[in-house]
Every structure is written in C-alpha cells, then in structure tokens.
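Participant: The following comprises the amino acid sequence and a computationally predicted model.
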Amino acid sequence: QVQLAESGGGLVQAGGSLRLSCANSGRTSSRGAMAWFRQAPNKPREFVAANAWSGGSVAYADSVKGRFTLSRDGMYEVNLQMDSLKSEDTAVYYCAARDIGLVSRNAAAYTYWGQGTQVTVSS
C-alpha cells in the first residue's frame, strides 16, 4: 500500500522560501508520476507541479513557474522548493502519486494522496 507523507509547511513572510518534502513509504512503478496540488479555503484543489519519473521533465502551473522547483529523489521522494512566496500561495499543499508514468494536471488522475501540509504566507 502506498503511503505519502508531506512535511515542511509553515508560516513565512511574503518573498520568503519554504521547502516541502513528500516521502513515499510504499511501492509504485519506477515511472509513476508524482505531483503537488494545493487547496486554498473555499477554492477547488489546483495543480502546482508534476514529474513523470525520476529525471524526467517537470510540468508547472503558470502561477508558480519560475518560483517553484520540483525535484524528485528517486522513486520514493519528491520535493517542492518554493521561492518568492506570495500571499496567494497560502493553501494546504498535497502530494499525490499514480502508478503510470504520465503527468496529469487533473487531481482525479492521481490514486494516492498525502494528508496535506499547511503553507501560510503573510503579506
């Protein structure tokens, strides 16, 4: 059974940085996609970034492109470096994974989810 656990959230001032990590204690395909989504209060869950497999290209939402960097540490961990944070980045951030090696920006395409970690950016 795949189990994802996020860490690294917290409170930061606008312009600051945070690094989120997601550890996968289970087993997925070596080419399974892993992704980050976020959900702000009263808003739908939105795509942030995803990577098809270790070493592959990364897809980013336009709102975070140039500020966030996804990196994958083998098949079992994915990180999200968030720089130049803005107040609109405030949300619960979720790690997600799927068993096939295709990136999707649709949350429904991902089978496995972490519990989420809160990121709050003060202006």
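Facilitator: Nice, thanks for sending it over. Numbers count the residues shown, from 1 in each chain.
Participant: quick one: the residue nearest to the spatial centre of the chain from S123, how far?
Facilitator: Nearest to the mean C-alpha position of the chain, counting by CA atoms, centre = their mean, stands W36 at 2.0 Å. Distance of W36 to S123, computed by CB to CB, to the nearest Å: 22 Å. Where C-beta positions appear, they are placed from N, C-alpha and C, glycine not excepted.
Participant: burial measure for A52, as a count.
Facilitator: Close neighbours of A52, defined as other CB atoms under 10 Å, add up to 21.
Participant: Kindly report the same for G114.
Facilitator: G114: 20 neighbours (other CB under 10 Å).
Participant: mind listing what the closest residue to it other than its chain neighbours touches?
Facilitator: With CB to CB, 6 or more residues apart in numbering as the criterion, G114 has its nearest non-adjacent residue at 3.8 Å, and that residue is L4. Listed by CB atoms under 8 Å, 6 or more residues apart in numbering, the contact set of L4 reads 22-25, 95-97, 112-114.
Participant: Beta-bridge partners for L4, please?
Facilitator: As for beta bridges, L4 partners with N24 under DSSP bridges.
Participant: do V121 as well
Facilitator: Bridge pairing for V121 - DSSP bridges - gives V12.
Participant: Next, give phi and psi for T117.
Facilitator: Backbone torsions of T117, given as degrees, to the nearest 10, read phi -140, psi 140.
Participant: Is it correct that it is in contact with L18?
Facilitator: No. Using CB atoms under 8 Å, T117 is not in contact with L18; the gap is 9.5 Å.
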